[in-house]
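S.K.: Next comes the sequence, and after it the predicted model I'd like to discuss.
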Amino acid sequence: PDIQMSLLITSTTPLDLGTLFHASAQEESNEVIASRATPHVGMNRETKRGSAVASDIKRKASNREAANRYRERMKQTLEAMRIDEKALIARNAELRVMEVRLMEEIGEMRVKMTETFGFAPPFEHE
């Protein structure tokens, strides 16, 4: 658009008002279309005070830092869960050993009761 106008102004051919008017109207039309266009993601946006590049950079840096903090928090949470899992697995193994030992003890007591009283109460936990 600016090139069309500058070519008309700098050319050596005589200017007629129709050609000049057409170039001027085309330039204004392109400016209106450009002003209505929404900026694309990642493109620099213009504000009333000028370029918003600095605020975009700050926003992106802030988002990057927040994402890093979130990832670090998730990493720590996952590590804590793994530690808890190991502790629970160890505790579960202890309880299973204790269960076997108690079942053996119950069996021994039932044998003694049968020898002493001739019978043993019914076993409810089998």
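M.R.: Cool, the structure landed.
S.K.: shaky segments in this structure?
M.R.: By pLDDT under 70, the low-scoring segments of the chain are 1-51, 125-126.
S.K.: which helix in it runs the most residues?
M.R.: helix 53-117 (DSSP state H).
S.K.: Please tell me how far residue 53 sits from residue 59.
M.R.: Counting by Cβ to Cβ, to the nearest Å, the separation of residue 53 from residue 59 is 11 Å. The way it works is simple: take the backbone N, C-alpha and C, and place the C-beta from them, glycine included.
S.K.: same question, residue 114
M.R.: From residue 114 across to residue 59, the span is 80 Å (Cβ to Cβ).
S.K.: repeat for residue 78
M.R.: In terms of Cβ to Cβ, residue 78 sits 28 Å off from residue 59.
S.K.: cool, and residue 118?
M.R.: To residue 59, residue 118 is 85 Å away according to Cβ to Cβ.
S.K.: if you count what's nearby, which of these two comes out ahead?
M.R.: Comparing residue 118 with residue 59 by other Cβ atoms under 10 Å, the one with more neighbours is residue 59, at 11 against 7.
S.K.: Can you report how many residues neighbour residue 56?
M.R.: Using other Cβ under 10 Å: residue 56 sits among 14 other residues.
S.K.: Show me what the longest helix of the chain is packed up against.
M.R.: Using 3 or more Cβ pairs under 8 Å, 6 or more residues apart in numbering; DSSP states H and E as the contact criterion, helix 53-117 has no neighbours among helices and strands.
S.K.: hmm, try it at 10 Å
M.R.: strand 46-47 (3 or more Cβ pairs under 10 Å, 6 or more residues apart in numbering; DSSP states H and E).
S.K.: Just say helix, strand or coil for residue 122.
M.R.: coil (DSSP: H, G, I helix; E, B strand; the rest coil).
S.K.: That concludes my questions; thank you for your assistance.
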